[in-house]
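Colleague: Provided below are the primary sequence and the corresponding predicted coordinates.
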Amino acid sequence: MKKLYLVLSIFFILIFNSCASLTYANRDNIANFDNLIINNSCDFNLVDKKLSKGDDIILWSIQGGTLARNCGDFDKSIHYFDEAEYHYKYDVDLIGALSVAKRKTASLLVNNNANPYEGNIYEKILVNTYKGLSFLALDDKESARVEFNRALERQIIAKEYFSKEIESQIKTNDDNLKNLSKKETEYNALMQKQAYEYYQKTGKTIKPQTINFNSNIQEKVLNNFNTNPNAVAYPDFVNPFTTYMSALFLMLDGSYERAYSLFRENLEMDQHNPQIKKDFALANNSANSPSKKKKKKFVRLIYEAGLGALKYEQRVDLPIFYFTNSFYYTGIALPKLQFRESSYSFLSIKNNSNDISRTYLISDIDSIASAEFDKRFKIVATEAILSTALKTIVQKQLNDLNEVAGILASFYQMLSTKADVRNWSSLPKNFQAASIPIKDGNITIFNENNVIILEDRIENDKDVIIYLKSTHKGQIIVHKIYF
């Protein structure tokens, strides 16, 4: 028996270290990577180290894709995004039932950090959008067309199938919660049997250590976490930036009718947006022009503002089980969204003829992330409840066998109750756009306080996209795409 306790002790100590180090490492690695983005670093050591070890390949591939775009290495960016897309397909989209069961078991016995990162729907869509933009930067328009088409297709698939998937997962988790009552009945019957056997042997009466599952726990947990107020009503899983960039590419590449159709979709999502109205009208005029040639060349400013939401852990202490001889409660750890500051609230672009236009919001990534987070939250919360319930039962059963084993199990439960706070942290807070006619080739870009942040000269005889990213005030990254 002493050997059994020694084995249990070693097992729990190893698990303690694994649970704690895994969760804190995820948090610290994301923070370290964000510092690379903020400081305009081109140090790929962290990304490549994670990928060489096979750690969260999807997460570190998409992070690496962002870093490479920032550094102007568009071939490298495409390579990282290709890696992410491959693993999305074979590790997420085509995953078998057995693999799903294994991952569910890992998340219940430990926490979801034990599973590989699978990403969000909006992230998958942006992978193809960014690949399209990277191909454009390399002047590979045919490959860009493929990627924009894939991004649009992902939006259609997400809209059609993802809601059904969420409904299915919610039903499965609700069924599992109901099954806890069966476990409760089995455990209580065992305790009553042991009390009866003890009475037969000793003639003494003891009160059975029965348990009662808190059936209102799901509602109480959900009520403790408000939904995000800035989750705006874009159509389910549609990213207006993907639609807008696809339309803009098609228009600049001469596919006016298709561009007109996509700009119309953007306008239906944001009917009063001046920039989308302008582009929609231009696409309409071009589609109806007999010559199908634009009379003017335009410079278009695409602005990535700030950094998007992070996830952080919030714990809530609510009773999972009630025990007859004592009152037990265990913590539940759940993710929350933390919204970061933008950079410049908007930018303005001007040519030497004093044509001027300011950027307008095309897509609010914080809102898109919030909407998907809220849709998934019941699944995440219910899995946390199930995990905590399972660990509490194990803790109680081990404590019934031996107090030391019970104490070790309680420490294990405390350390393994961690929220999954991984996400694509280098995405912007929002995307904006503006456009003006090209006159003499000189352009100036101002911030919201009319302070010049960029002066540049562009070619007069081509349409051009100036792609500007600013994670914080005082920092910009710029590249140009000509058509």
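Modeller: Yep, that arrived. Numbering: from 1, shown residues only.

Colleague: what residues does stretch 123-138 touch?
Modeller: Outside stretch 123-138, the residues that touch it by C-beta atoms under 8 Å, 6 or more residues apart in numbering are 62, 65-66, 69, 74-75, 77-78, 81-82, 84-85, 88, 141, 143-148, 150-151, 154-155, 158, 237, 239, 241-242, 245-246, 249, 423-424, 427, 465, 467, 479, 481. In this view, the C-beta of every residue, glycine as well, is placed from N, C-alpha and C.

Colleague: of these, grab the buried ones for ChimeraX.
Modeller: Buried members of those, defined by 16 or more other C-beta atoms under 10 Å, are picked up in ChimeraX with:
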select :62,65,66,69,74,77,78,81,84,85,88,141,144,145,147,148,150,151,154,155,158,237,239,241,242,245,246,249,423,424,427,465,467,479,481
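
Colleague: among the contacts of stretch 123-138, which are in helices?
Modeller: Secondary structure from DSSP state H places 62, 65-66, 69, 74-75, 77-78, 81-82, 84-85, 141, 143-148, 150-151, 154-155, 241-242, 245-246, 249 of those in helices.

Colleague: which helix in this structure has the most residues?
Modeller: With secondary structure taken from DSSP H, the chain has its longest helix at helix 163-202.

Colleague: just the mean pLDDT for that one, thanks.
Modeller: The average pLDDT within helix 163-202 is 80.

Colleague: which positions in it come out as buried?
Modeller: Q169, N173, N176, L177, L180, E184, Y187, N188, M191, A195.

Colleague: cool, stretch 207-214 as well?
Modeller: Buried, per 16+ other C-beta under 10 Å, within stretch 207-214: P208, Q209, T210, I211, F213, N214.

Colleague: same question for stretch 48-67.
Modeller: Those would be 50-51, 55-67, for stretch 48-67 by 16+ other C-beta under 10 Å.

Colleague: show me the two of those residues that sit farthest apart.
Modeller: Within the buried residues of stretch 48-67, D55 and T66 form the most distant pair, 17.4 Å apart (C-beta to C-beta).

Colleague: assumed N226 was part of a strand.
Modeller: No: read with DSSP: H, G, I helix; E, B strand; the rest coil, N226 is coil and lies in no strand.

Colleague: please enumerate the strands of the stretch 1-150 of the chain.
Modeller: With DSSP state E, counting those that start in this stretch, there are no strands along the stretch 1-150 of the chain.

Colleague: and A25, how many neighbours?
Modeller: For A25, the count of nearby residues is 13 (other C-beta atoms under 10 Å).

Colleague: now do the helices in the stretch 1-150 of the chain.
Modeller: 2-38, 45-52, 57-70, 74-87, 97-109, 121-137, 141-157 (DSSP state H, counting those that start in this stretch).

Colleague: next, the angle helix 74-87 makes with the last one.
Modeller: Going back to what we said before, that points to helix 141-157. Interaxial angle, helix 141-157 versus helix 74-87 (axes from the mean of the first three to the mean of the last three C-alpha atoms, to 10 degrees): 30 degrees.

Colleague: and helix 141-157, how far from the chain's centre?
Modeller: Its chain's average C-alpha position is 20 Å from that of helix 141-157, according to C-alpha atoms, centre = their mean, to the nearest Å.

Colleague: packing partners for it?
Modeller: With contacts taken as 3 or more C-beta pairs under 8 Å, 6 or more residues apart in numbering; DSSP states H and E, helix 141-157 sits against helix 121-137, helix 240-252.

Colleague: what residues does that helix touch?
Modeller: So helix 141-157 is contacted by 121, 124-126, 128-129, 131-133, 135-136, 237-239, 242-243, 245-246, 249-250, 253, 262 (C-beta under 8 Å, 6+ apart).

Colleague: can you report phi and psi for T444?
Modeller: phi -130, psi 140 (degrees, to the nearest 10).

Colleague: I'd assumed L454 was in contact with it.
Modeller: Yes: between T444 and L454 there is a contact under C-beta atoms under 8 Å: 7.3 Å.

Colleague: hang on, the earlier thing: quick one: which of the helices and strands packed on helix 141-157 is nearest Y199?
Modeller: Nearest of those (C-beta to C-beta): helix 121-137, 58.1 Å.

Colleague: for S343, grab phi and psi.
Modeller: Backbone torsions for S343, taken as degrees, to the nearest 10, come to phi -90, psi -120.

Colleague: for stretch 450-459, the distance to its chain's centre please.
Modeller: 34 Å.

Colleague: identify each buried residue in that stretch, please.
Modeller: Buried residues in stretch 450-459 (16+ other C-beta under 10 Å): I453, L454, I458.

Colleague: sort the residues you listed by pLDDT and name the bottom one.
Modeller: Lowest pLDDT among the buried residues of stretch 450-459: I458, 92.

Colleague: now the closest residue to L180 other than its chain neighbours: how far from A384?
Modeller: In this structure, L180 finds its nearest non-sequential neighbour in F213, 5.1 Å apart by C-beta to C-beta, 6 or more residues apart in numbering. Per C-beta to C-beta, to the nearest Å, F213 is found 15 Å from A384.

Colleague: next one: A369
Modeller: From A369 to A384 the distance is 20 Å (C-beta to C-beta).

Colleague: check Q475 too.
Modeller: Relative to A384, and taking C-beta to C-beta, Q475 is found at 37 Å.

Colleague: neighbour count: these two, which is higher?
Modeller: Applying other C-beta under 10 Å to Q475 and A384 shows that A384 carries more neighbours, namely 25 against 14.

Colleague: wait, a strand at that one?
Modeller: No: under the criterion used here (three-state DSSP), A384 is helix, not part of a strand.

Colleague: quick one: contacts for it?
Modeller: Counting by C-beta under 8 Å, 6+ apart, A384 has contacts V221, I332, A333, L334, A419.

Colleague: the residues you listed in helices, which ones?
Modeller: Using DSSP H, V221 are the members of the contacts of A384 that sit in helices.

Colleague: for E265, pull up the helix or strand it's in.
Modeller: Assigned by DSSP states H and E, E265 falls within helix 256-269.

Colleague: buried set for that helix?
Modeller: Judged by neighbour count (16+ other C-beta under 10 Å), helix 256-269 contains these buried residues: Y256, R258, A259, Y260, L262, F263, E265, N266, L267, M269.

Colleague: just curious, which of the residues you listed is nearest to K277?
Modeller: Comparing these against K277 with C-beta to C-beta picks out L267 as the nearest, at 6.8 Å.
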